[in-house]
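Engineer: here's my sequence, what's the structure:
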Amino acid sequence: QSIAFSESPYIMSSATVVGKKESEGPLGKYFDMTDSENLFGEETWEAAEGTMQKEACTLALGKAKLTPDKVRYLFGGDLLRQGIATSMGLESFQIPLFGLFGACSTSGEALALASMCVAAGYGELIRERTGLVPDAYFSATKIAWILDNVPEARERADRGELAFGTVDTWLIYNLTKGEIHVTDYTNASRTMLFDIHKLCWDEELLNILHIPASMLPEVKPSSYIYGYAESTVLGGQIPIAGIAGDQQAALFGQCCFSKGQVKNTYGTGCFLLMHTGTEAITSHNGLITTIAASSGSQVEYALEGSVFVAGAAVQWLRDGMRMVKTAAQTEEYAQKTDDTEGVYVVPAFAGMGAPYWNPYARGCVVGITRGCGKEHFIRATLESIAYQTYDVLNAMEEDAELSIAGLKVDGGASANDFLMQFQADILGARVYRPECIETTALGAAYLAGLACGYWKSREEISANWQLGREFIHEMSENQRERLLKGWKRAVKCALAWAE
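Structural biologist: Numbering: from 1, shown residues only. Reported below is the predicted structural model:
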């Protein structure tokens, strides 16, 4: 996806180019570049060679009626929406070898690698150095799996013929025609290999997983001029000046620059980040400590909690259960009833994220009576998104030892007014939805603009933030406590399935 912003900023144009073919393998959805017959079609190679990214950029420029000489900078924040996607190539990415994406994290093989790290006593070391909970969700175990299972990968890596990177690394490599192998602090911090305190790849963790350091990209700040797009790619030499993991970019795009400020992105999953300033807070509640995207020389940190299934639950209602024709219809059904008739939906389709971190938990529906109808089921599914957000935010407040006054929201599901009002009610706090909810791309644009001098300061950027709507909590404390008590009982049922 490519988005063109004006200085205001507002979205001038956007373009999305999607590959047509993917395959289901033993680790879920992945692209395998090793097959000589090009098993998964030309689209895979086009993506690998940068054709799709070039097409998206060109389309966005055309829609905005911009020529390359009018483009001040390129940025990358929401290029794949997952900083944990892993790609590997031969001879410094000249030939793509293997791409492994987030869906593999629930597989037996990937989980086994993460579990082995914990069983061997490395869990606390990983958490201390990287801020992460050992999990197959992150890049490290995926790299190890590729090296151990793709033919000749280990041998080539030992000879220095393989290069690794998250998707931002791969895209910049293509934009610069192979000149730059780089990533930023935020993406590196999601690999489970990066020391977030010393700001370097951790040699001990690399040795534990048998990953050669020669494979890894150079790591730079999120707001930095990394290089220039080769003139033949987009028609001109344009500086590449901003990289950030999607959630860190959204935190920056929401102008959460001070300690205690929180944002939640409602996408396929939910991703909450709380800015913790220059202090890397160690969580005792199942959250991860990560590097926040920043524009200065001083590194800043954040607490993060991930809800695996949020908007994906709405997709399930639409595509799996066929209860609605469009996602927007869920709001209409939810408004038809005053409550859920005691029904709770726990959408643990792929385990549960923070603060539970149980990959074996499974979804459940509890509290069903004869009076339950479709509208109650739909409302309960929407409410589950707000409940999961409450769980994470409550854990953040305990770890940071502070109470939040409000929550900034973005992402597709934040457009659902019912969900946002219920979120405010169940949190007992105000919810702020900005005018522009494309905050991930906006944050990366801000980072790039600061590096190039387009914007002079964070204060100037903060002045751009515009409130779209404020949701004020109206629910009584007694009702809120009663609903939360029921939710916690429902979660116990989902966790019990894993026992």
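Engineer: only C-alpha atoms for contact and neighbour calcs from this point on.
Structural biologist: Fine.
Engineer: now do the phi/psi pair for Val299.
Structural biologist: Val299 adopts backbone torsions of phi -80, psi 140, taken as degrees, to the nearest 10.
Engineer: need the contact list for it.
Structural biologist: Shown in contact with Val299 (C-alpha atoms under 8 Å, 6 or more residues apart in numbering): 278, 291-292.
Engineer: and the gap between Leu234 and Asp148?
Structural biologist: Separation of Leu234 from Asp148 (C-alpha to C-alpha, to the nearest Å): 38 Å.
Engineer: repeat that for Thr141.
Structural biologist: In terms of C-alpha to C-alpha, Thr141 sits 10 Å off from Asp148.
Engineer: repeat that for Ala445.
Structural biologist: From Ala445 across to Asp148, the span is 38 Å (C-alpha to C-alpha).
Engineer: neighbour-wise, which of those two wins?
Structural biologist: A direct count of neighbours by other C-alpha atoms under 10 Å for Ala445 and Asp148 places Ala445 higher, at 31 against 14.
Engineer: okay, and the more buried one sits in which element?
Structural biologist: In this assignment (DSSP states H and E), Ala445 forms part of helix 439-452.
Engineer: measure how far that helix is from the centre of its chain, please.
Structural biologist: Here helix 439-452 is found 17 Å from its chain centre; the criterion is C-alpha atoms, centre = their mean, to the nearest Å.
Engineer: so for that helix, mean pLDDT?
Structural biologist: Per-region confidence: helix 439-452 scores 90 on mean pLDDT.
Engineer: can you give the contact residues for the helix or strand following it?
Structural biologist: Downstream of helix 439-452, the first helix or strand assigned by DSSP H and E is helix 458-462. By C-alpha under 8 Å, 6+ apart, the residues outside helix 458-462 that reach it are 255, 446, 455.
Engineer: closest one of the residues you listed to Gln388?
Structural biologist: Nearest to Gln388 among the contacts of helix 458-462, counting by C-alpha to C-alpha, is Cys255 at 23.7 Å.
Engineer: what about the closest one, which helix or strand?
Structural biologist: Following DSSP H and E, one finds Cys255 outside all helices and strands.
Engineer: pLDDT score assigned to the nearest residue to it once chain neighbours are set aside?
Structural biologist: Nearest residue to Cys255, sequence neighbours excluded (C-alpha to C-alpha, 6 or more residues apart in numbering): Ser462, at 5.7 Å. On pLDDT, Ser462 comes in at 94.
Engineer: the longest helix in this protein is where?
Structural biologist: helix 374-400 (DSSP state H).
Engineer: tell me which strands and helices that one is in contact with?
Structural biologist: strand 270-275, strand 300-307, helix 311-315, helix 329-334, strand 344-346, helix 417-427 (3 or more C-alpha pairs under 8 Å, 6 or more residues apart in numbering; DSSP states H and E).
Engineer: out of those, which gets nearest to Trp487?
Structural biologist: strand 344-346 (6.7 Å).
Engineer: can you pull out the helices in the stretch 151-300 of the chain?
Structural biologist: Along the stretch 151-300 of the chain, counting by DSSP state H, counting those that start in this stretch, helices occupy 153-158, 167-175, 185-188, 203-209, 231-234, 246-253.
Engineer: Serialize the ones you listed to a markdown table and add fields for mean neighbour count and distance to Phe194.
Structural biologist: Shown next, in a markdown table, are the helices of the stretch 151-300 of the chain (neighbours: other C-alpha atoms under 10 Å; distance: least, C-alpha to C-alpha, whole Å):
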| stretch | mean neighbour count | distance to Phe194 |
| --- | --- | --- |
| helix 153-158 | 18 | 19 |
| helix 167-175 | 25 | 15 |
| helix 185-188 | 29 | 6 |
| helix 203-209 | 15 | 9 |
| helix 231-234 | 16 | 31 |
| helix 246-253 | 30 | 16 |
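Engineer: weakest of these by average pLDDT?
Structural biologist: helix 231-234 has the lowest average pLDDT among the helices of the stretch 151-300 of the chain, namely a mean of 79.
Engineer: so how far is that one from its chain's centroid?
Structural biologist: For helix 231-234, the gap between its own C-alpha mean and the chain's C-alpha mean amounts to 29 Å (C-alpha atoms, centre = their mean).
Engineer: hey, C-alpha coordinates of it in CSV?
Structural biologist: Extracted in CSV, the C-alpha atoms of helix 231-234 (Å, rounded to 0.1, in the frame of the first residue of the first chain):
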residue,chain,number,x,y,z
SER,A,231,16.2,7.1,-10.0
THR,A,232,15.0,4.3,-12.3
VAL,A,233,12.6,3.0,-9.7
LEU,A,234,10.3,5.9,-9.2
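Engineer: just for this structure, where's the confidence low?
Structural biologist: For the chain, applying pLDDT under 70 flags the ranges 1-111.
Engineer: centroid-wise, who is the farthest residue in it?
Structural biologist: Largest separation from the mean C-alpha position in the chain: Arg370, at 39.3 Å (C-alpha atoms, centre = their mean).
Engineer: now that one, what are its backbone angles?
Structural biologist: phi -60, psi -20.
Engineer: measure it to Ala380 for me?
Structural biologist: Distance of Arg370 to Ala380, given as C-alpha to C-alpha: 16 Å.
Engineer: again with Leu251
Structural biologist: Distance of Leu251 to Ala380, given as C-alpha to C-alpha: 28 Å.
Engineer: now Met475, nearest residue through space, not along the chain?
Structural biologist: Excluding its sequence neighbours, the residue lying closest to Met475 (C-alpha to C-alpha, 6+ apart) is Asp425, at 5.2 Å.
Engineer: isn't the one you found up against His473?
Structural biologist: Yes. Using C-alpha atoms under 8 Å, Asp425 makes contact with His473 at a distance of 4.3 Å.
Engineer: need the helices of the stretch 151-300 of the chain in TSV with distance to Phe418, can you?
Structural biologist: Shown next, in TSV, are the helices of the stretch 151-300 of the chain (distance: least, C-alpha to C-alpha, whole Å):
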stretch	distance to Phe418
helix 153-158	50
helix 167-175	35
helix 185-188	33
helix 203-209	45
helix 231-234	43
helix 246-253	23
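Engineer: so which of these is nearest Gly131?
Structural biologist: helix 185-188 (11.7 Å).
Engineer: and that closest one, how far out from the chain middle?
Structural biologist: Counting by C-alpha atoms, centre = their mean, helix 185-188 comes out at 12 Å from the chain centroid.
Engineer: stretch 147-161 too?
Structural biologist: Distance of stretch 147-161 from the chain centroid (C-alpha atoms, centre = their mean) equals 28 Å.
Engineer: re earlier: buried ones among the contacts of Val299?
Structural biologist: 291-292 (16 or more other C-alpha atoms under 10 Å).
Engineer: alright, I will stop here.
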